[in-house]
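Undergrad: Predicted model follows, preceded by the sequence.
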Amino acid sequence: MHRSSIHIHQFTSTKFYIMAIITSTAHITDYLVGKWYLVITVYICLYLLKNRYGRGLHKIPGPFLQSFSMIPRAWQVWQGNIHQRDLKFHQKYGKLVRIGPKLLSLADVNEMNTVYGITTKFYKSSFYDPSTPYDEEGIVPDPFILKDKAIHSRMKRNAANAYSLSSVLQLEAYVDEVEDKLLAILDREAENPENVIPFDHYLHAFAMDAIFMISFGKSLNILENGDEHKVMACFDTIMPYMATIGQMPWLHKFLVGNPLMAKLILGDMTFETGLMKIATSQVEEFKKNLGRSEEGPFTFTERLLMNQASKPDSITGRELITHALGNITAGGDTTSITLRSIFYFSLQNKESYHRLCHEVRSNCTLPVTFSSAQKLPYLNAVIKEALRLHPPMPIMLGRTVPEGGANICGHYIREGTEVGIPSYVLHRDPAIFPDPDSWKPERWLKAETDKDSLADMDRAFFAFGGGAHTCSGKHISMMEIIKLVPLLLLKYDFELAFPQRPWTFRVSMLAPQKGVHVTIKKRA
Ligand code: HEM
């Protein structure tokens, strides 16, 4: 046969095969297009099976459905009772529970260091993405959400002096001003001992005004003018969003992460239009007065401006504003939640309330200073017990397992898996905190508890987080609380207005309570 006829023959048969493949592919495609619902169903099933079995976590116990998708978890968070669900999961499944396709909840004090230790490589997970503040220039470098360890360490280092105990002592004068406003309001309310006082609201307004004063030297005066700048309303709206979308953070860019959608969902209550603007304008105003005094007392922002003036490379203008803004977002609600818990729990437990009053009234005089009240052992125990029983941030603080994976609770966990400890659950471990649901401040007293149990409790106390991301404002918050509680107990006698009616709270990023109503009598 001629060589060219072989080529023609080969060409014809190849063409035949190609045509056959195209025809059958077209048939299959036609068939599949006709059965599109079948294709989608198979795709979803494969995706769900990959979620459950493709991540090396299927041996870790947990609620079955949640291993397939994050939708059930997001729904539970949205409902606002995730703290109770997490507790039940841990009571049923143990210390390590799989609560999502690649999400594990940990309630083991021995693993705290692995996940949150100072030198850990477990960085913040994408749970925090929807909490990211941004302005016209883009994402704002907020230490609360920063995954970049280098920037985070630099920012924390360069603001450390503003959060230090010695700076905090200077800030007392700013808190005194807000205390006076609260006392004026309570004095008016006390004129009629039958008055039912919305104490939850006043404590919230106090904490917001105090943190503004501490940060900027002036407040929004929410105590007297109400929430006219919508700062409190902004948090109430955004917190459930952050917590819920934090479970499925890829959704964020289609929602509040998209400026147009943000406007639709939040109106003018976004960080940029609201808080960011307030923070920026207050910092600008402050710059004009910088250097007005050599001795202080210096506000938080003033200290950062001084740091910047002496070492311009240490902190940028945007970072400075973020720190100040961070104080408001992180320090107002958390402090007021703690104040409400202190009064609510101690007023529910009369013996505890009387013990606290007795300690305060026999050791403190007006004006109450931080350094004098700080020494009261029962007051300190009450504050710690309030933070244990109702941690302001009870939700799991997510971290990502680093490259190479990690051993957690005897299981090898692949890199990229998200893990975290919910403080609400850890604080209710009966092996560490006997009778965990009860209000027992005395468990924290050296004289009433043995040394080992105290050390175990301290190790498991997670209200302020841990490691590199531990709360920066702890001293500030403690100063506000330690000054205010004795002051109020010196001035008034309190009672719960509706002792049979429990408070209510919805857990999202935080757990702000409603329904702490009291009646008060002015003391002579
Ligand atoms: C009782 C009151 C407070 C509680 C219970 C509390 C709790 C916490 C917790 C649990 C974290 C760690 C979050 C995480 O790892 O994701 C945190 C971080 C933080 N808190 Fe607080 N906080 C309180 C008050 C304050 C105050 C008054 C301020 C500011 C003056 C503040 C500023 C911050 C900042 C800046 C961070 C981020 C630290 C970082 O990631 O490096 N907090 N807080």
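TA: It's in. Numbering: from 1, shown residues only.
Undergrad: State the distance from the residue in the stretch 401-524 of the chain that the ligand sits nearest to to Val256.
TA: When Cβ to the nearest ligand atom is the measure, the stretch 401-524 of the chain has its nearest residue to the ligand at Gly473, with 2.0 Å between them. Just so you know, the C-beta spots here come from the backbone N, C-alpha and C atoms, and that holds for glycine as well. The spacing between Gly473 and Val256, counted by Cβ to Cβ, to the nearest Å, is 25 Å.
Undergrad: likewise Gln170?
TA: For Gln170, the distance to Val256 equals 37 Å [Cβ to Cβ].
Undergrad: and these two? which has more neighbours close in?
TA: Summary of the neighbour comparison: Gln170 and Val256, criterion other Cβ atoms under 10 Å, with Val256 having more neighbours (24 against 15).
Undergrad: Hmm, Lys263 and the more buried one touching each other?
TA: No: judged on Cβ atoms under 8 Å, Val256 makes no contact with Lys263 at a distance of 9.6 Å.
Undergrad: count of neighbours near Leu445?
TA: Applying other Cβ under 10 Å, we find 15 other residues in the vicinity of Leu445.
Undergrad: Kindly report the same for His27.
TA: Counted with other Cβ under 10 Å, residues neighbouring His27 total 10.
Undergrad: go on, Ile315?
TA: 20.
Undergrad: secondary structure class for the residue nearest to it when sequence neighbours are not counted?
TA: Among residues not flanking Ile315 along the chain, Asn158 sits closest, at 4.7 Å (Cβ to Cβ, 6 or more residues apart in numbering). Secondary structure state of Asn158, per DSSP: H, G, I helix; E, B strand; the rest coil, is helix.
Undergrad: Show the contacting residues for Asn158.
TA: By Cβ atoms under 8 Å, 6 or more residues apart in numbering, the contact list for Asn158 reads 304, 307, 311, 314-315, 319.
Undergrad: can you check Ile520 too?
TA: Applying Cβ under 8 Å, 6+ apart as the definition, the contact partners of Ile520 turn out to be 186, 189-190, 193, 195, 197, 492-495.
Undergrad: pLDDT averaged over the helix or strand hosting it - what is it?
TA: When elements are assigned from DSSP states H and E, Ile520 belongs to strand 517-522. Confidence over strand 517-522 (mean pLDDT, whole number) is 97.
Undergrad: So what are the sheet partners of that strand and their directions?
TA: Paired with strand 517-522 in the same sheet, following DSSP bridges, are strand 197-198 (antiparallel), strand 492-496 (antiparallel).
Undergrad: That strand: which residues count as buried?
TA: Of all the residues in strand 517-522, those buried under the rule 16 or more other Cβ atoms under 10 Å are 517-520.
Undergrad: any weak-confidence spans in the stretch 401-524 of the chain?
TA: In the prediction, the stretch 401-524 of the chain carries no residues with pLDDT under 70.
Undergrad: the strands in it, which residues?
TA: 406-408, 411-413, 418-420, 492-496, 504-505, 513-514, 517-522 (DSSP state E, counting those that start in this stretch).
Undergrad: Pick the most buried one from those strands.
TA: With neighbours taken as mean count of other Cβ atoms under 10 Å, those reach their highest mean count in strand 418-420, at a mean of 23.
Undergrad: That one: how far from the chain's middle?
TA: On the basis of Cα atoms, centre = their mean, to the nearest Å, strand 418-420 is displaced by 15 Å from the centre of the chain it belongs to.
Undergrad: Up against the ligand, what does the stretch 351-500 of the chain have?
TA: Within the stretch 351-500 of the chain, the residues that sit near the ligand (Cβ under 6 Å from any ligand atom) are 392-393, 397, 463-465, 469, 471-473, 476-477.
Undergrad: For the ligand, what's its nearest residue on the stretch 251-400 of the chain.
TA: When distances are taken as Cβ to the nearest ligand atom, the stretch 251-400 of the chain approaches the ligand most closely through Gly331, which lies 2.7 Å from it.
Undergrad: Count the residues that sit near that residue.
TA: The number of residues packed near Gly331 is 25, by other Cβ under 10 Å.
Undergrad: next one: Phe254
TA: By other Cβ under 10 Å, 10 other residues sit near Phe254.
Undergrad: residues of stretch 255-263 that come out buried?
TA: Judged by neighbour count using 16+ other Cβ under 10 Å, the buried positions of stretch 255-263 are 256-257, 262.
Undergrad: Where does pLDDT dip in the protein?
TA: For the chain, applying pLDDT under 70 flags the ranges 1-13, 16, 135-136, 268-275, 289-294.
Undergrad: who in the stretch 151-300 of the chain is up against the ligand?
TA: Residues of the stretch 151-300 of the chain that fall close to the ligand, judged by Cβ under 6 Å from any ligand atom: 156, 211.
Undergrad: Show me where the stretch 151-300 of the chain has its helices.
TA: 165-170, 172-190, 199-216, 222-225, 231-245, 259-266, 277-289, 300-310 (DSSP state H, counting those that start in this stretch).
Undergrad: Export these to JSON lines and append columns for distance to Thr504.
TA: Putting the helices of the stretch 151-300 of the chain into JSON lines (distance: least, Cβ to Cβ, whole Å) gives the following:
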{"stretch": "helix 165-170", "distance to Thr504": "33"}
{"stretch": "helix 172-190", "distance to Thr504": "22"}
{"stretch": "helix 199-216", "distance to Thr504": "10"}
{"stretch": "helix 222-225", "distance to Thr504": "22"}
{"stretch": "helix 231-245", "distance to Thr504": "14"}
{"stretch": "helix 259-266", "distance to Thr504": "24"}
{"stretch": "helix 277-289", "distance to Thr504": "29"}
{"stretch": "helix 300-310", "distance to Thr504": "33"}
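Undergrad: Give me whichever of those helices is most buried.
TA: Highest mean neighbour count among the helices of the stretch 151-300 of the chain (mean count of other Cβ under 10 Å): helix 199-216, with a mean of 26.
Undergrad: Mind giving me the packing neighbours of that helix?
TA: helix 172-190, helix 222-225, helix 231-245, helix 277-289, helix 300-310, helix 317-348, helix 474-491, strand 517-522 (3 or more Cβ pairs under 8 Å, 6 or more residues apart in numbering; DSSP states H and E).
Undergrad: and the nearest residue to Met261 once chain neighbours are set aside, what is it in contact with?
TA: Nearest non-adjacent residue to Met261, counting by Cβ to Cβ, 6+ apart: Leu255, 5.3 Å away. If a contact means Cβ under 8 Å, 6+ apart, then Leu255 has 130, 241, 245, 261-262, 265 as its contacts.
Undergrad: Rebuild these as TSV, extending it with distance to Trp75.
TA: What follows is those, written out as TSV (distance: Cβ to Cβ, whole Å):
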residue	distance to Trp75
Pro130	16
Tyr241	14
Ile245	12
Met261	21
Ala262	23
Ile265	18
